[in-house]
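Visitor: Sequence first, predicted coordinates after that:
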Amino acid sequence: MIFLLCFTFVLANFNTQYVTDELQIQHTDLNSSKTYLLSMILTQIPKNNYCLPLLQVIVNNQIYNDTLAYSIKADIQKVYFQSTDAITIKVSCNVLDYFQNQKNLNKTMHFNLSLHEAQQHISLPCQFPYYGQNCSLSIQQIYKEFAVTISIQNNTWFYAYAILDDDNYEIIVENGKLQFGVSIISFDKINTTTLPTFFQDFIVLDSDNDENLISLSHSKKSSNSIYIIGFYNFNPTQIQEITITITTAFQDQEFPFWAIMLLISIVIFGLILFIIILCHFRRQYKKLTQIQPALDRKVLKKYIPTQKIDSKMKQETCSVCLLQFELKEKYCLTPCKHYFHEQCLIDWTTKQANCPVCRQGLLENEIIELLEVKSNRNRETKETKIQEVIQSKENPPSQTYRDLPFLQLSSSPFRTQCKIELDSSPQGGNSPQIVQFDGSPQNLTNRNLYFQSDGIVESQN
Ligand SMILES: [Zn+2]
Ligand SMILES: [Zn+2]
């Protein structure tokens, strides 16, 4: 509902009661040399009223007074102005966003609006915490860490201020399940006539909680910043009590930035140190675990290769673990002809380089030596066998040849005598043959004797 009223005469006393949620009055004929006082007095607010009355005076398109909530404190708004042309007066109900969706929201309000001629009004700056048109209003200071209980009139603002240093704070509000709204404004100007508007950052406190916590972050670096806290009591009929305490936010103070950085650097340093120690230990561990086995794996591979267990080997047992071989397993045969499970021999040769059964050395040179001896023996056996065959063909089997030493008697300038007696050969049964040499000068020539089982053959050079 909008009223547009035009006054054609100067109103010395204009006093009318309105029932509206929004009203606009235009006044065109005011004396430019005079000062006027416009005042609005709220007379009735419905029970479910969640609107905050707003008085605006627009002089020559300039908003003279707007939504300054402090003016509602005493349910009265007083605006002094000097007019040259036309003025527009707006009265409206300002519903908070928080209540926009409420059912049966009655925005109607009753109020008186009056316009009076007033004395010349000089607006002097007030000394904080005093404020208002004639500096008659003041706000209360709240000190840190002290609980303060305050009474707030129905549908009314209450203001307090706190001077806080460069820290973060929390405001604990104990409202005993009552509905309050709170707005906290950082305030820099010491000398001011008006308080800032409290509709920005306005929080409606949760009425389900006995205690509400509002964090107050200090954005400015300047010390002694003033914070003005405005509370609004939404109860239309009752005066309500509220207890507030401003405390330091401990969490933030306990962990300042430098402490967090220090903590992070300690953690990073510790992590790096841990990684270095871990790498060092791993290297040491590798060294310890990679001890050279007693027998080189290459030698094992080269001379003792692994073989699959066949049905014949299945009957045998490994001398290390004493288990019978199984078909799926593999075994190793040493040059000394002993067999073991592949793993059993590997485990054994890690500690010692010999055969677990016969202790034959299994180092490369020892194996080579063993193999050479074996091959020599084989060759000799072969040759002996061949000779035996040949001799058995040439001589009757009764005759046996023996390797006898080759004896050479050197000539000597002295007279020597030598007697050689052959032991009787077992097959002959003859009396021993005796050869005598006379070392006389006429026998100076070398004499070679060949001994055979059946006699001595003498030859001369
Ligand atoms: Zn074994
Ligand atoms: Zn062996």
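Guide: Thanks, I have the structure now. Ligands and ions are numbered 1, 2, ... in the order given.
Visitor: And the longest helix along the chain, what's buried?
Guide: As assigned by DSSP state H, the longest helix anywhere in the chain is helix 257-289. The neighbour-count check on helix 257-289 (16 or more other C-beta atoms under 10 Å) flags nothing as buried. Glycine gets a C-beta too; all of them are placed from N, C-alpha and C.
Visitor: so how many other residues sit close to the closest residue to ligand 1 within the chain?
Guide: Nearest residue of the chain to ligand 1 (C-beta to the ion) works out as residue 318 at 2.8 Å. For residue 318, the count of nearby residues is 21 (other C-beta atoms under 10 Å).
Visitor: Need the pLDDT of it.
Guide: Note on residue 318: pLDDT of 93.
Visitor: Looks like it contacts residue 330 (just checking).
Guide: No: applying C-beta atoms under 8 Å, one finds residue 318 not in contact with residue 330, separated by 11.1 Å.
Visitor: Which residues are in contact with each of those two?
Guide: residue 341 (C-beta atoms under 8 Å, 6 or more residues apart in numbering).
Visitor: sorry, back to before: from residue 87, how far out is the residue of the chain closest to ligand 1?
Guide: 117 Å (C-beta to C-beta, to the nearest Å).
Visitor: tell me the domain boundaries of this protein?
Guide: Per the record, the chain has its domains at 6-118, 130-254, 292-394, 407-460, by automatic domain parsing.
Visitor: What average pLDDT does the shortest one get?
Guide: Per-residue pLDDT values across domain 407-460 average out to 53.
Visitor: just stretch 184-199 next, same as before
Guide: Average pLDDT, stretch 184-199: 67.
Visitor: Same question for stretch 342-358.
Guide: Mean pLDDT, stretch 342-358: 91.
Visitor: quick one: contacts of it?
Guide: By C-beta under 8 Å, 6+ apart, stretch 342-358 touches 293-295, 297, 300, 304, 306, 318-321, 329-332, 334, 336, 338, 340, 360-363, 366.
Visitor: hmm, back to that, would you single out the least confident of the domains of the chain?
Guide: Sorting the domains of the chain by mean pLDDT places domain 407-460 lowest, at a mean of 53.
Visitor: Go through stretch 368-381 and flag the buried ones.
Guide: residue 370.
Visitor: ok, that stretch near ligand 2 or not?
Guide: No: contact between stretch 368-381 and ligand 2 is absent, the nearest approach being 9.8 Å (criterion: C-beta under 5 Å from the ion).
Visitor: contacting residues around that stretch?
Guide: Contact with stretch 368-381 is made by 335, 336, 360, 361, as judged by C-beta under 8 Å, 6+ apart.
Visitor: Among those, which lie within helices?
Guide: Taking DSSP H, every one of the contacts of stretch 368-381 sits outside helices.
Visitor: Now render these as a markdown table, adding distance to residue 353.
Guide: Listed next are the contacts of stretch 368-381 as a markdown table, based on distance: C-beta to C-beta, whole Å:
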| residue | distance to residue 353 |
| --- | --- |
| 335 | 13 |
| 336 | 13 |
| 360 | 10 |
| 361 | 6 |
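Visitor: Which residue, other than its chain neighbours, is closest to residue 137?
Guide: residue 131 (5.4 Å; C-beta to C-beta, 6 or more residues apart in numbering).
Visitor: So the one you found versus residue 161, what's the distance?
Guide: From residue 131 to residue 161 the distance is 11 Å (C-beta to C-beta).
Visitor: So between those two, which is more surrounded?
Guide: Neighbours per residue (other C-beta under 10 Å) separate residue 131 from residue 161, with residue 131 holding more: 23 against 20.
Visitor: my guess is that one contacts residue 228, does it?
Guide: No: with contacts counted by C-beta under 8 Å, residue 131 stays clear of residue 228, the gap being 9.9 Å.
Visitor: near ligand 1, which residues of this structure show up?
Guide: Contacts of the chain with ligand 1, taken as C-beta under 5 Å from the ion, map to 318, 320, 321, 341, 344.
Visitor: Residue 326 is in contact with the fourth one, correct?
Guide: So the one you mean is residue 341. No: using C-beta under 8 Å, residue 341 makes no contact with residue 326, being 9.6 Å away.
Visitor: Those two: which has the busier surroundings?
Guide: Neighbour comparison, residue 341 and residue 326: the larger count goes to residue 341, with 23 against 10 (by other C-beta under 10 Å).
Visitor: Phi first, then psi, for the nearest residue to that one once chain neighbours are set aside.
Guide: Once flanking residues are discounted, residue 341 sits nearest to residue 318: 4.6 Å by C-beta to C-beta, 6+ apart. Main-chain dihedrals, residue 318, degrees, to the nearest 10: phi -80, psi 130.
Visitor: Now do the contacts for residue 318.
Guide: Residue 318 touches 324, 325, 331, 339, 340, 341, 344, counting by C-beta under 8 Å, 6+ apart.
Visitor: most surrounded residue in the residues you listed?
Guide: residue 340 (25 neighbours).
Visitor: Show me what secondary structure element comes after the longest helix of the chain.
Guide: Using DSSP states H and E, the next helix or strand after helix 257-289 towards the C-terminus is helix 297-303.
Visitor: contacting residues around that next one?
Guide: For helix 297-303, contacts defined as C-beta under 8 Å, 6+ apart pick out 332, 335, 345, 346, 349, 362, 363, 364, 367.
Visitor: Which of those residues fall in strands?
Guide: Taking DSSP state E as the definition of strands, the contacts of helix 297-303 contribute residue 332.
Visitor: Could you write me a ChimeraX select line covering just the buried ones among the contacts of helix 297-303?
Guide: To isolate the buried subset of the contacts of helix 297-303 in ChimeraX, counting by 16+ other C-beta under 10 Å, use the following:
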select :332,335,345,346,349,362,367
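Visitor: Show me which of the contacts of helix 297-303 is closest to residue 384.
Guide: residue 335 (23.5 Å; C-beta to C-beta).
Visitor: Surely that closest one touches residue 304?
Guide: Yes: between residue 335 and residue 304 there is a contact under C-beta under 8 Å: 7.2 Å.
Visitor: Can you work out which residues contact both of these two?
Guide: Residues touching both residue 335 and residue 304 by C-beta under 8 Å, 6+ apart: residue 362.
Visitor: From residue 149, how far out is the closest residue to residue 156 other than its chain neighbours?
Guide: Spatially, and ignoring its direct neighbours in sequence, residue 156 is nearest to residue 233 (5.7 Å; C-beta to C-beta, 6+ apart). According to C-beta to C-beta, residue 233 and residue 149 sit 14 Å apart.
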